[in-house]
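[1] Need a 3D model of the following:
(chains A and B, ligands or ions: 1)
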Amino acid sequence: MQERLEEILKTYQEDEGNIISILQDIEESFGYLPEDAIEWFSERLDVPPAKFFGIATFYAQFHLKPRGENIITTCCGTACHVKGSERLISSLMRELQIPTGEDTTEDRKFTVERVNCVGACSIAPVVIINKEVYGKMTADRLMKEIRRLK
Amino acid sequence: MENSTILIKVCMGTGGIAAGGTEVISAFEKELQAEGISAAVEKHCSVHKVGCRGFCARDVLVDVLIDGEKTTYEYIKPDMVSRIVKEHILQGEAVQEWVVKDDYRTFHEKQRKVVLSDCGEVDPEDIGSYMERGGYDALRKVLTSMTPEETIEVIKSSGLRGRGGAGFPTGLKWEFARRAPGDTKYLICNADEGDPGAFMDRSIIEGNPHSVIEGMVIGAFSMGAHRGYVYIRAEYPLAVERLRLALEQARKKGLLGEHIAGTEFSFDIKIKLGAGAFVCGEETALIASIEGKRGMPRAKPPFPAQKGLWGKPTVINNVETLANIPYIVRNGAGWFAQFGTERSKGTKVFALTGKIKNSGLIEVPLGIRLHEIVHDIGGGIEGDRKLKAVQTGGPSGGCIPAEMIEIPVDYESLAEAGSIVGSGGMVVMDETDCMVNIAKYFLEFTQAESCGKCVPCRIGTKRLLEILTRITDGRGRPGDIELLESLSNDVRAASLCGLGQTAPNPVLSTLRYFKAEYEAHVHEKRCPAGVCKNLLTYTILEEFCTGCTMCARVCPANAIVGERKTPHRIIQDICIKCGACFETCKFKAIKKG
Ligand SMILES: Cc1cc2nc3c(=O)[nH]c(=O)nc-3n(C[C@H](O)[C@H](O)[C@H](O)COP(=O)(O)O)c2cc1C
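    Numbers count the residues shown, from 1 in each chain, chains lettered A, B, ... in the order given. Predicted coordinates:
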């Protein structure tokens, strides 16, 4: 981890970076923001950790807890909403047995997320499975994809 | 076909790729190699990727051009490619059954393409392909033969207004920044496109990124900026990648960076990735975010044109606004002003989605009737159900009811009807959509995205959402409708930024046109459209049930019981009202109500 953090620090200094870009780089490298990484930067830059956490909790892109191996992102834009995205989410939560209020399965194999809109509204409803976009999704097809990943 | 020039264009926007565009392109490449075409007519045959031409619902769309004559295919899958190559490319016989039908033509007929005129034509990953069609000519013209003031004058007289939502005249904005004192100024392109149900800006950047870059350089020259930013959402990975590539290519060609096109003028652009906050589309919040802070808005004035990024004069323009600039400069202000109405000039790109047959990206002259968009371009309502409303302007906008379908779509008319043109989302809703549910959907969005800085927005949206939630849950109380109305007016009047000021719009506009639907929820505990779960019950009609057991098998809650070949029954206490049985039953034996 140390090595990667040094690299991020270097780009930050060379590239008139800011706290958001540091956090984006950490998130990109580790899939979430490990507390140790934030403490490390806080010390090196002499910026209180609260400043980092203030930003991390403001933006939806950042995660303070590790996420699942597979990331299922359901689009909740208006077009997806009127085409039944809620139903897709509830069938996902049931299939993966994720308790309400949580987003990741106990074995950390799956994380289910919502995104405001990915802008692929003409092929609504849209689900993104590990960065691949699937359009005109149905509950059946979604369950098949999930079972394939299990 | 040995002496013909053959060009194959495959639609590779986000929609095209999701439908398998990458596989279709490689199938073409493979087939052409297998057929020995590339060997025989190597110089004359090429396969291109192009950006979105708007009709994503039909992807993968493929154009085959033989000596300039274009045939368009729809719904192409990789396994269909071999036949197209054999019959069409080798023998000159188009595969008629896969060629687009009449509705492809009607989809395009009433459109007027300015911003999108090169989208779907040029290869977005190749600057040369944009330049062949006149790209960067406008920039050269401005830099070598016009003064900044003259350029601003052209934009002012074209009547172009900001396409990001507020509709402020672009030329004026540039002029303010030009006149602001100081040498350091910034131009920011707002590509945050946070409105759910909108994808105009994504498609423009994915389809023709150079038009945005060209527009930015012209803007920077006019206002006197030497540094620019594109603030783009991280949710658009393909757009970011193409933009990055386009910036590099423009720099290599000397059209960006030091001494642009050999002149004294220098300007460069940096990409800033958004981190997922809707409010960062608001100008002052966006600036805070680029500065590396929590993206919270501040009071205006001072306006960004006076005090913006790092305290310097700053112009923020939307992607579509900037992408219009090269075409206006190239063709003249008068040419642009011929489209549109007296006060709303030009064309506007809309994302036409929802319960519409031909969903996609469209560009129409402002002032076009909503009817023409829905029925002529959109082809009517999906499943031939009845139109109920058209939602425009996303979470800051409102719903236009079906009775007002003749309304002209321009800034003034939509505002009068209680909605806005906004950034261009247009979601069509039919009789199976519940307007109270839609209002609640938008409030969920704005409440979650409220940054929390000012009380009216932070607490006001929360209370509005609570009231809407209880109404849709069947716990509405007498007086709730009046409370919604007065609270909405307060939030609108007292919030700090546009987010809070417009958040009540979806509530107010649905109250204005669909009050009876609210009343049915509150007083009769009934959802006429059959959407609000808690107000629904599913029952099995014994006379139609054949006992096929399909419903029992799909029921995730095991709430359906019954013997094979005898009528089944739903145990209401266990039913979670997911509707799976309703959708599965082949005998219409399940009643929703
Ligand atoms: C909450 C909120 C979100 C906004 N989101 C966007 C956006 O995603 N894209 C955009 O171009 N403008 C957005 N705007 C409008 C911008 O603040 C600004 O008016 C616009 O970018 C100016 O560019 P224009 O004059 O070219 O339209 C938003 C405004 C508010 C209040």
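[2] How about the residue of chain A found nearest chain B: what's its closest non-neighbour residue?
    For chain A, the residue positioned closest to chain B under Cβ to the nearest Cβ is residue A:18, at a distance of 2.5 Å. Glycine gets a C-beta too; all of them are placed from N, C-alpha and C. Spatially, and ignoring its direct neighbours in sequence, residue A:18 is nearest to residue B:292 (2.5 Å; Cβ to Cβ, 6 or more residues apart in numbering or on different chains).
[3] and the chain, what are its domains?
    Defaulting to chain A. Each domain of chain A is listed here as a residue range: A:2-58, A:70-149, per automatic domain parsing.
[4] wrong one, chain B
    Per the record, chain B has its domains at B:6-100, B:127-337, B:347-430, B:435-523, B:536-592, by automatic domain parsing.
[5] export those domains to JSON lines and tack on distance to the ligand and mean pLDDT?
    Compiled in JSON lines, the domains of chain B are given as follows (distance: least, Cβ to the nearest ligand atom, whole Å; pLDDT from 0 to 100):
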{"stretch": "domain B:6-100", "distance to the ligand": "17", "mean pLDDT": "88"}
{"stretch": "domain B:127-337", "distance to the ligand": "2", "mean pLDDT": "96"}
{"stretch": "domain B:347-430", "distance to the ligand": "6", "mean pLDDT": "95"}
{"stretch": "domain B:435-523", "distance to the ligand": "2", "mean pLDDT": "97"}
{"stretch": "domain B:536-592", "distance to the ligand": "33", "mean pLDDT": "92"}
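[6] would you turn those into JSON lines with mean neighbour count and distance to residue A:67?
    Compiled in JSON lines, the domains of chain B are given as follows (neighbours: other Cβ atoms under 10 Å in any protein chain shown; distance: least, Cβ to Cβ, whole Å):
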{"stretch": "domain B:6-100", "mean neighbour count": "19", "distance to residue A:67": "23"}
{"stretch": "domain B:127-337", "mean neighbour count": "21", "distance to residue A:67": "14"}
{"stretch": "domain B:347-430", "mean neighbour count": "22", "distance to residue A:67": "27"}
{"stretch": "domain B:435-523", "mean neighbour count": "20", "distance to residue A:67": "19"}
{"stretch": "domain B:536-592", "mean neighbour count": "16", "distance to residue A:67": "25"}
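[7] out of those, which comes closest to residue A:29?
    Closest to residue A:29 of the domains of chain B, according to Cβ to Cβ: domain B:127-337, at 14.9 Å.
[8] Which residues are in contact with the residue most central in space within chain A?
    Compute the mean C-alpha point of chain A, and by Cα atoms, centre = their mean the closest residue is residue A:61, 6.1 Å away. Contacts for residue A:61 were tallied using Cβ atoms under 8 Å, 6 or more residues apart in numbering or on different chains; they are A:24, A:27, B:234, B:274, B:275, B:276.
[9] Distance check, the second one against residue B:275.
    Just to be clear, that refers to residue A:27. Summarising the geometry, the distance separating residue A:27 from residue B:275, computed by Cβ to Cβ, to the nearest Å, is 9 Å.
[10] who touches both of the two?
    Residues touching both residue A:27 and residue B:275 (Cβ under 8 Å, 6+ apart): A:61, A:62.
[11] tell me the most buried of the domains of chain A?
    Each of these was scored by mean neighbour count; the highest is domain A:70-149, a mean of 19, by mean count of other Cβ atoms under 10 Å in any protein chain shown.
[12] does the ligand sit close to that one?
    No: between domain A:70-149 and the ligand, judged by Cβ under 6 Å from any ligand atom, nothing touches; the nearest distance is 10.5 Å.
[13] what's the average pLDDT for that domain?
    Per-residue confidence for domain A:70-149 averages out to 92 on the pLDDT scale.
[14] next one: stretch A:13-32
    The pLDDT scores in stretch A:13-32 average 88.
[15] Which helix or which strand is home to residue B:321?
    Take DSSP states H and E as the rule and residue B:321 turns out to sit in helix B:319-331.
[16] same for the helix or strand that comes right after that helix, what does it pack against?
    From helix B:319-331 onward toward the C-terminus, using DSSP H and E, the following helix or strand is helix B:333-337. Applying 3 or more Cβ pairs under 8 Å, 6 or more residues apart in numbering or on different chains; DSSP states H and E, we find helix B:333-337 packed against helix B:148-158, helix B:319-331.
[17] Mind checking those helices for the one nearest to chain A?
    Between chain A and the helices and strands packed on helix B:333-337, the shortest gap by Cβ to the nearest Cβ is with helix B:319-331, which sits at 11.9 Å.
[18] The closest one and chain A in contact?
    No: judged by Cβ under 8 Å from any Cβ of the partner chain, helix B:319-331 stays clear of chain A, getting no closer than 11.9 Å.
[19] for that helix, packing partners?
    Of the remaining helices and strands, those touching helix B:319-331 by 3+ Cβ pairs under 8 Å, 6+ apart are helix B:137-145, helix B:148-158, strand B:186-191, helix B:200-207, helix B:209-223, helix B:333-337.
[20] again, only this time at 6 Å
    Where contact means 3 or more Cβ pairs under 6 Å, 6 or more residues apart in numbering or on different chains; DSSP states H and E, helix B:319-331 is packed against helix B:137-145, helix B:200-207, helix B:209-223.
[21] Redo those helices as a markdown table? Include distance to residue B:30.
    As requested, these are arranged in a markdown table below (distance: least, Cβ to Cβ, whole Å):
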| stretch | distance to residue B:30 |
| --- | --- |
| helix B:137-145 | 37 |
| helix B:200-207 | 25 |
| helix B:209-223 | 28 |
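[22] For chain A, find the nearest of those.
    The closest of the helices and strands packed on helix B:319-331 to chain A is helix B:200-207. By Cβ to the nearest Cβ, the value is 4.3 Å.
[23] Show me the beta-bridge partners of the nearest residue in space to residue B:402 that is not next to it in sequence.
    Excluding the flanking residues, the one nearest residue B:402 by Cβ to Cβ, 6+ apart is residue B:387, at 4.5 Å. Using DSSP bridges, the bridge partners assigned to residue B:387 are residue B:430.
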